[in-house]
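Q: Next one to model:
(one chain, ligands or ions: 1)
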Amino acid sequence: MKEILALNAFDRATATALDADVQRLVDQRHRVMGAASVLFYDTPIEMVSARGAFLYDANGLAYLDCYNNVPSVGHAHPHVTAAIAQQIAQLNIHSRYLHRGMHAYAERLLATFPAALSNLTLTCTGSESNDLALRLASAYTGHTGVIVTAAAYHGNTAAVAAVSPASVRTVAHSGTNASPVRVVRAPDSYRVSAADIGARLAQDVEEAARDLEQQGFGVSAFLVDSMFSSDGVYADPAGFLTDAVAVVRRHGGLMIADEVQPGFGRTGGHLWGFQRHNLVPDIVTMGKPMGNGYPMGGVVTRPEILSALCERVGYFNTFGGTPVAAAAGMAVLDVLEAEGLMANAEQVGAYLRECLRELITRFPAIGDVRGAGLYNAVELVDDPTTRSPAASLASAVINGLRQRRVLIGAAGPHGHILKLRPPLCFSREHVDTLVRAITETLVSLGH
Ligand SMILES: Cc1ncc(COP(=O)(O)O)c(C=O)c1O
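A: Next up is the predicted model:
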């Protein structure tokens, strides 16, 4: 109710006018999609178009998108949409034919990786990429044990859901002796000192690895998202992953870097999140931003790792690596380069953190501001001394921002961490709008 009162007159009129219509859509959605339907916000929004960093609803109202990382180079980017349209009007076929566009894309993408990672397999989603990565690691190492962080999310296939503790409803037994999955604590830089984070993670991984060996699983892989997206976004100190990865390798396991979220320039300083930790992973998985909305995923690895699986069972993905996918992927790389989006992520992200940190002194509920590039988080606490998670406040803030037509989401095991992950074309003006909206929302909520 407080948020509704805080609306300006124009929004209030619109909200009322839309109510019946939105309700009809919500009812229809639940009827056709049933239990699988998940909707954002207390007042869901019907979106009809988008451009750059903005989404537009059925009434033509603009919403500043501070959440969606799939349209990473900007919603409906004309260069990407033209590339897709042109190619689909000419040829779209599975990857069992020679196609120069696909080769050119693979060469260009692989050139962004350390030289050892010289083979690319294209898929359609991050889940498929991680599913394949798990199979590769297991075939190469001969082990089945997988180590992941406490609230990690790596996707939706049966195998990947089993290593995604964030999917609690599907992973009832992960982390128990009977399962080949071990869960380690997230590198919580708000509660653990920078000096201790790397050592604590390495120690946790060592214990997990020993346990997996004792149970006869052995260590196949440490599957890790270098930004710890669903754990709560932990970027610093850069390099804290190195010791944990060394432990995994000592136990004969591989490092799978899940770049579905941090990849393609989001963290600013580097194209890939693992580079922040000065690591060369054994396998890298990609998804979301790869095709800017065209469904694309990929796995990059060393030839001997790919051979370990493919010489036995092969791998084919009907829609992975089609000419249209290659065109979309190529166009995304064009835009990233031509518009300097990685540098933009670095500069605008630093400005965003600076503005948000100024709010810490004003609002005790803001416990921590952290991130890298345009992947940032604001941790909300009930009490800055005990640092207890403020989950209901986070939900109220997210809905309050939505009423101000600024879209964000939540992360962390309690959903109390505001996740700010806009398209990489985000500008300083957009930051000012976001920070003003957060300030107004906290004030309207009595903070
Ligand atoms: C880190 C990470 N890995 C993998 C996935 C799965 O990607 P997809 O939904 O494209 O299958 C996600 C999706 O949110 C993710 O956040």
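
Q: which ones are touching the residue nearest to R191 when sequence neighbours are not counted?
A: Counting by Cβ to Cβ, 6 or more residues apart in numbering, R191 lies nearest to R387, which is 6.3 Å off, once chain neighbours are set aside. All C-beta spots, glycine's among them, are computed from the backbone N, C-alpha and C. By Cβ atoms under 8 Å, 6 or more residues apart in numbering, the contact list for R387 reads Y190, R191, G367, V381.

Q: Of all residues in this protein, which one is closest to the ligand?
A: Per Cβ to the nearest ligand atom, G126 is where the chain lies closest to the ligand, at 2.5 Å.

Q: can you pull the pLDDT of that residue?
A: Per-residue pLDDT puts G126 at 98.

Q: Also S167?
A: According to the prediction, S167 has pLDDT 85.

Q: Check what pLDDT N8 gets.
A: Predicted confidence (pLDDT) for N8: 32.

Q: do G314 as well
A: 89.

Q: now V335
A: 98.

Q: and if you look at the one 3 residues further on?
A: Looking at A338, its pLDDT is 98.

Q: which ones are touching it?
A: H79.

Q: List, one by one, the residues from the stretch 251-400 of the chain near the ligand.
A: By the rule Cβ under 6 Å from any ligand atom, the part of the stretch 251-400 of the chain lying against the ligand is D258, V260, Q261, G287, K288.

Q: For A235, see how far away the third one is.
A: Q261 sits at a distance of 12 Å from A235 (criterion: Cβ to Cβ, to the nearest Å).

Q: One more: the last one?
A: For K288, the distance to A235 equals 18 Å [Cβ to Cβ].

Q: Surely P187 and F240 touch.
A: Yes. Counting by Cβ atoms under 8 Å, F240 is a contact partner of P187 at 5.9 Å.

Q: intersection of neighbour lists for those two?
A: Counting by Cβ under 8 Å, 6+ apart, the common neighbours of P187 and F240 are I197, G198, L201.

Q: Need the residues you listed in JSON lines (columns: neighbour count).
A: Shown next, in JSON lines, are those (neighbours: other Cβ atoms under 10 Å):
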{"residue": "I197", "neighbour count": "23"}
{"residue": "G198", "neighbour count": "19"}
{"residue": "L201", "neighbour count": "26"}
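
Q: What subset of the contacts of R387 is buried?
A: Applying 16 or more other Cβ atoms under 10 Å to the contacts of R387, the neighbour count classes G367, V381 as buried.

Q: Strands - which of the contacts of R387 land there?
A: Per DSSP state E, strands hold the following members of those: G367, V381.

Q: so which of the contacts of R387 comes closest to S37?
A: V381 (31.4 Å; Cβ to Cβ).

Q: tally of neighbours for T441?
A: Residues within reach of T441, counting by other Cβ atoms under 10 Å, total 23.

Q: thinking again about what came up before, buried subset of the residues of the stretch 251-400 of the chain next to the ligand as a ChimeraX selection?
A: Burial among these is assessed by 16+ other Cβ under 10 Å; the matching ChimeraX selection reads:
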select :258,260,261,287,288
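
Q: For the residues of the stretch 251-400 of the chain next to the ligand, which two are the farthest from each other?
A: D258 and K288 (10.8 Å).

Q: Now list whatever residues contact both of these two.
A: In contact with both D258 and K288: G126, using Cβ under 8 Å, 6+ apart.

Q: Show the pLDDT at the residue most central in space within the chain.
A: Compute the mean C-alpha point of the chain, and by Cα atoms, centre = their mean the closest residue is Q261, 2.9 Å away. According to the prediction, Q261 has pLDDT 98.

Q: about what we covered before: what residues are shared contacts of Q261 and A235?
A: M227, Y375.

Q: which stretches of the stretch 251-400 of the chain have low pLDDT?
A: By pLDDT under 70, the stretch 251-400 of the chain has no low-scoring segment.

Q: Helices of that one, start to end?
A: Secondary structure of the stretch 251-400 of the chain (DSSP state H, counting those that start in this stretch): helices at 303-310, 323-338, 341-362, 391-403.

Q: The stretch 1-150 of the chain too?
A: Counting by DSSP H, counting those that start in this stretch, the helices of the stretch 1-150 of the chain are 2-6, 9-33, 78-90, 100-110, 126-141.

Q: Report the buried residues of stretch 342-362.
A: Neighbour-count burial for stretch 342-362 [16+ other Cβ under 10 Å]: 342, 344-353, 355-356, 359.

Q: Pull the distance from that stretch to the chain's centre.
A: Distance, stretch centre to chain centre, for stretch 342-362: 19 Å (Cα atoms, centre = their mean, to the nearest Å).

Q: Go ahead and name everything in contact with that stretch.
A: Residues outside stretch 342-362 that contact it (Cβ under 8 Å, 6+ apart): 265-271, 336, 366, 369-376, 378, 420, 424-428, 430-432, 434-435, 438-439, 442.

Q: okay, now the domains of the chain?
A: 2-69+340-444, 78-338 (automatic domain parsing).

Q: Deepest in the core, which of these is it.
A: Of all the domains of the chain, domain 78-338 has the most neighbours on average by mean count of other Cβ atoms under 10 Å, namely a mean of 20.

Q: quick one: which of the shared contacts of P187 and F240 sit in helices?
A: I197, G198, L201 (DSSP state H).

Q: is it true that the last one touches L241?
A: Meaning L201. Yes. If you go by Cβ under 8 Å, L201 and L241 touch, sitting 7.2 Å apart.

Q: Pretty sure Q215 sits against S179.
A: No. Using Cβ under 8 Å, Q215 is not in contact with S179; the gap is 9.1 Å.

Q: can you pull the contacts of D211?
A: Counted by Cβ under 8 Å, 6+ apart, D211 has contacts N177, R182.

Q: and it, what element?
A: helix 194-214 (DSSP states H and E).

Q: Just the CA trace of that helix, in CSV.
A: Extracted in CSV, the C-alpha atoms of helix 194-214 (Å, rounded to 0.1, in the frame of the first residue of the first chain):
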residue,chain,number,x,y,z
ALA,A,194,39.2,-10.4,2.4
ALA,A,195,42.4,-12.0,3.8
ASP,A,196,40.5,-15.2,4.8
ILE,A,197,38.1,-15.7,1.9
GLY,A,198,40.4,-17.7,-0.5
ALA,A,199,41.8,-19.9,2.3
ARG,A,200,38.3,-20.6,3.7
LEU,A,201,37.0,-21.6,0.3
ALA,A,202,40.1,-23.8,-0.4
GLN,A,203,39.7,-25.5,3.0
ASP,A,204,36.0,-26.2,2.3
VAL,A,205,36.8,-27.6,-1.1
GLU,A,206,39.6,-29.7,0.4
GLU,A,207,37.1,-31.3,2.9
ALA,A,208,34.5,-31.8,0.2
ALA,A,209,37.1,-33.4,-2.1
ARG,A,210,38.3,-35.8,0.6
ASP,A,211,34.7,-36.8,1.4
LEU,A,212,33.9,-37.5,-2.2
GLU,A,213,37.0,-39.7,-2.4
GLN,A,214,36.1,-41.5,0.7
